[in-house]
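Undergrad: Here is my input; please provide its structure:
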Amino acid sequence: MLRNAPILIVDLAKYYGGVDVRVTALARMLHGERPYAVATLKGSALHQRLEAADLVSFPVPFSRGDPRILLYLYRLIRKGGYKVVDTHNPQSQFWGGLAATWAGARSICTVHSAYGLEYANTLKGRLYELVLQLSYRLGFHFIAVSESVHQYLAELGIPSTRISLIHNAIEYTEETSAGRAAPFFKELGWSSDVFVVTVVGRLESVKGHRFLFEALARLAKSRPRLRCLVVGDGYLRSEYEELVRKADLEQIVHFAGFRNDVSVLLSGSDVFCLPSLSEGLPYAVLEACNHRLPLLLSGVGGLAELFDHGKTAFLVPPADVDALARGICWLMDYPVEANGLGEAAFHAVKQKSGTRQMYGKTLEIYQSGLPL
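TA: Predicted coordinates:
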């Protein structure tokens, strides 16, 4: 058993997203209970959040492609006496996994999405899958955040005995907030009668933003009340901003960038949209459920598992612009029914689990000493 063994979580994310929400939640729960630390990229949004919350972090001073990361993490593991290393995202799983193996620590590989699908079976996606297969051969145990990710790992040849299913989770509360009266919405100059569709996620192709923008372009003239708030950052931001400019959507679509007040922005929204091409179980949709927002989602991965079309969400096929446009129109035209979807989604996800349950199950894996 590995009870009270020091734990190192490795998350080398450049942009803050759902992976980092889970890592931050785990760090908060470990804090004061047992020795831990989070290794993250120096200056990243996650690094800044951990420091602001006085959580233990080690900023890695190299880019994710720099092989010096391996020696840095090895020395960190040895010096800190970390017996368990939990790696998140492909770069973390490669460098962190190799360093843990070299240092003789037990390795956990937490997988948040189906890499092959997320990267459309490109060379990058294939390389990331090779990282997972290397992790398997090195004896790692896997944590899947949704049933679809569990199935994906099984399809890669990883036996079920080496995979634990532990859903993403948040603490569900009775939210009270400023809503549309929040200062941010006043700064935008959006009146109380506009209809705000908010999308939260990294600005990367897998998140499907361009299909939402195309749907908005089709509706812009017939639906003058329509507005879209894009929360998040990523390498495609400048390309998406240019796309919006060319489609003459600049008065409709606003890029908010990375924000620390996502809850406030959700409270002032009318609909939450996630037009992804592939998903595990994203935290953004759980946070939207906490606000009882009507959901317009692609029926993929963990989203298709957790939500039912017409009962807890309006589900559409991925990359289907016509379906997205129909979904927006229906949610605008039938507000009572739309609000009913949001209420039903809140109760459905609340029954699944909370952060304490997620933490407890994860801690069991950390401590179990499952066979390598």
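
Undergrad: what does stretch 243-256 contact?
TA: If you take C-beta atoms under 8 Å, 6 or more residues apart in numbering as the criterion, stretch 243-256 is touched by 184, 188, 210, 213-214, 216-217, 220, 226-232, 237, 240-241, 265. Using the backbone N, CA and C atoms, a C-beta is placed for each residue, glycine as well.

Undergrad: For it, buried residues please.
TA: For stretch 243-256, a neighbour-count test (16 or more other C-beta atoms under 10 Å) marks 243-244, 247, 249, 252-256 as buried.

Undergrad: For those, which two are the farthest from each other?
TA: Ala247 and Ala256 (18.4 Å; C-beta to C-beta).

Undergrad: how about the nearest residue in space to Val149 that is not next to it in sequence, secondary structure?
TA: Closest residue to Val149 apart from its sequence neighbours, by C-beta to C-beta, 6 or more residues apart in numbering: Gly280 at 4.9 Å. At Gly280 the chain is in coil, as set by DSSP: H, G, I helix; E, B strand; the rest coil.

Undergrad: ok, Gly280 to Ala215 distance?
TA: 24 Å (C-beta to C-beta, to the nearest Å).

Undergrad: sorry, back to before: in strands, which of the buried residues of stretch 243-256 appear?
TA: Under the assignment DSSP state E, those contribute 253-256 to strands.

Undergrad: In CSV: the residues you listed, plus distance to Ser146.
TA: As requested, those are exported to CSV (distance: C-beta to C-beta, whole Å):
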residue, distance to Ser146
Val253, 29
His254, 30
Phe255, 28
Ala256, 27
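
Undergrad: ok, those vs Val285, which is closest?
TA: For those, the residue nearest Val285 by C-beta to C-beta is Ala256; the value is 17.6 Å.

Undergrad: can you give me the mean pLDDT across the helix or strand harbouring Thr40?
TA: Using DSSP states H and E, Thr40 maps to strand 36-41. What strand 36-41 shows for mean pLDDT is 97.

Undergrad: ditto for stretch 154-162
TA: Here the average pLDDT along stretch 154-162 is 95.

Undergrad: Show residues contacting that stretch.
TA: Stretch 154-162 is contacted from outside by 129, 132-133, 136, 140-142, 150, 163, 370, using C-beta under 8 Å, 6+ apart.

Undergrad: so which of those residues would you say is closest to Gly310?
TA: Out of those, the member with the shortest distance to Gly310 (by C-beta to C-beta) is His150, at 26.2 Å.

Undergrad: ok, Ile328 touching Glu214?
TA: No: with contacts counted by C-beta atoms under 8 Å, Ile328 stays clear of Glu214, the gap being 11.8 Å.

Undergrad: Who has more neighbours out of the two?
TA: When Ile328 and Glu214 are compared for neighbours, Ile328 comes out ahead with 25 against 18, by other C-beta atoms under 10 Å.

Undergrad: List the residues that contact the closest residue to Leu55 other than its chain neighbours.
TA: Nearest residue to Leu55, sequence neighbours excluded (C-beta to C-beta, 6+ apart): Ala27, at 4.6 Å. For Ala27, the contact set (C-beta under 8 Å, 6+ apart) comprises 9, 36, 38, 50, 53, 55-57.
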